[in-house]
Structure formats: C-alpha cells, structure tokens
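A.B. asks: sequence and computational prediction follow.
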Amino acid sequence: MVTIKPIELKGKWLKGFALDIHTVSSDYIGDDPYGHPMFDTEYSPIGGLVKRIKYRSDLTVIDEISSTATDFLSNIWKIAKDIDFIIPIPPSNIQRTYQPVIEIAKKISSEIHIPLSIDSLTKNRVTPELKDVTDPESRKNILAGVFEIGNKNIVGKNVLLFDDLYRSGATMTMATEVLYNKGRVRNVYVLTLTKTRSKQ
C-alpha cells in the first residue's frame, strides 16, 4: 500500500472519492529540440503508480494499487459492505492489449469479494482519450449519448463506478446519469485512483 490523501468528489452520484491528487507539481523546464514544452513533474505516490501502469505498461504495480484501494474501501470509507457491483468506466483506447482500469478493477473485485460487472456499462462508439481534450464543453459533446446499459443485473443495486483519473468529472457525470436513468440502479458511488489539481 501507498500513503494517500483522499479527496471527496461532488457530483450526481451519492458519494465519491479520489484516493489522491495525480501530480504534486509540474514545472516548465524548457522546450525539447522539436519545440515541445518539457516539464519536471512530481507525482503523488498513487499517481506515480498510475503513470507506470498506463504509460509504461508496468503491470507489477497492480497489487500495490489494488491493496491501497481495497484498504480505503474497507477500512477508511467503509463502503465495501454496501456495494453490490464494481463497474469500471469503459476504455477510450481500445488498442491496448490490456486495459489498466479493468485490470485494476478485477484485482480489487477479487480482493474485496464484490462482483465485477464489465458489461453493465458499455460504449456505443469509440471516443478520443479525454486527456487530450482541454475544453470542458468539448468533453461533454464527445461523451453525449456514448454510454449504454448492457447487463440488466444492476437494476436496484448499489454500484461503485471506478476509474483511474478524475479531471472535470464529465465522464463520471455522464456514466452516473445513464446508470440511474437507464440502468435503474439504486445508488452510484464513485472511486477514482487520482484527481488532477485543476478542475479541467
């Protein structure tokens, strides 16, 4: 496990948290030979692990990430006993041979003994990765109508919506609305591993 500083996330869900901020600081240090800006970035402990699995394909960090998340769910937030299903946000980059959010969710599900429901929330089209979209309104337009309910076993259930990074909240908001309105779940709780320091 790593040290975390949980941050409450406000939204249309019943209650939500990010385990910590993603980066502690990011200082501009000049441009590379191609004119692209370079930054000296310091990550939070959990943020550093997320970076390793997402951008370096380092699967060895899954156990440390999942044990940190399960400890938070069971012993700090103490919500694990109330959750019927864990639902990971469907991936944007479908070209990956593995999906970090889904792999971490599988491990959390196994450790905490809460069923994972990958097919409850699906996407009906491919969307660009939102980390490359800075305008909040553009994010909303990209996500409009993209989520659908696949498996109806979540009707009347309490679900934990899980993702790796919370930025503007657009993805979580759209997914939550679909889970309530079309999935007819009882309650949506939200957990992300990290949160950006800015609201966008």
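C.D. replies: Received it, and whenever you're ready, just let me know what you need. Remember, predicted model here, so these are calculated numbers, not experimental data.
A.B. asks: pLDDT score for the most centrally placed residue in the chain?
C.D. replies: In the chain, the centroid-proximal residue (CA atoms, centre = their mean) is residue 163; its distance is 1.3 Å. For residue 163, the model assigns a pLDDT of 96.
A.B. asks: so what's it bridging to?
C.D. replies: On the basis of DSSP bridges, residue 163 is bridged to residue 192.
A.B. asks: from what I see, it and residue 87 are in contact.
C.D. replies: No. Using CB atoms under 8 Å, residue 163 is not in contact with residue 87; the gap is 9.9 Å. Backbone N, C-alpha and C define where each C-beta goes, glycine included.
A.B. asks: distance check, the residue located most distally from the centre of the chain against residue 189.
C.D. replies: Distance from the C-alpha centroid of the chain peaks at residue 33, with 34.0 Å (CA atoms, centre = their mean). Between residue 33 and residue 189 the computed distance is 47 Å (CB to CB, to the nearest Å).
A.B. asks: just to revisit the earlier point, helix or strand: which one has the residue farthest from the centre of the chain?
C.D. replies: Assessed by DSSP states H and E, residue 33 sits outside every helix and strand.
A.B. asks: same thing with residue 28?
C.D. replies: Assigned by DSSP H and E, residue 28 belongs to strand 23-31.
A.B. asks: so which bits of that strand are buried?
C.D. replies: Within strand 23-31, the residues that count as buried by 16 or more other CB atoms under 10 Å are residue 23.
A.B. asks: what's that strand packed up against?
C.D. replies: If contacts are counted by 3 or more CB pairs under 8 Å, 6 or more residues apart in numbering; DSSP states H and E, strand 23-31 sits against strand 37-43.
A.B. asks: report the buried residues of the helix or strand that the strand it packs on is followed by.
C.D. replies: As assigned by DSSP H and E, the chain's next helix or strand after strand 37-43 is helix 45-55. Within helix 45-55, the residues scored as buried using 16+ other CB under 10 Å are 45, 46, 47, 48, 49, 50, 51, 52, 53, 54.
A.B. asks: now for the residues you listed, which pair is the farthest apart?
C.D. replies: Spanning the widest gap among the buried residues of helix 45-55 are 45 and 54, at 15.4 Å by CB to CB.
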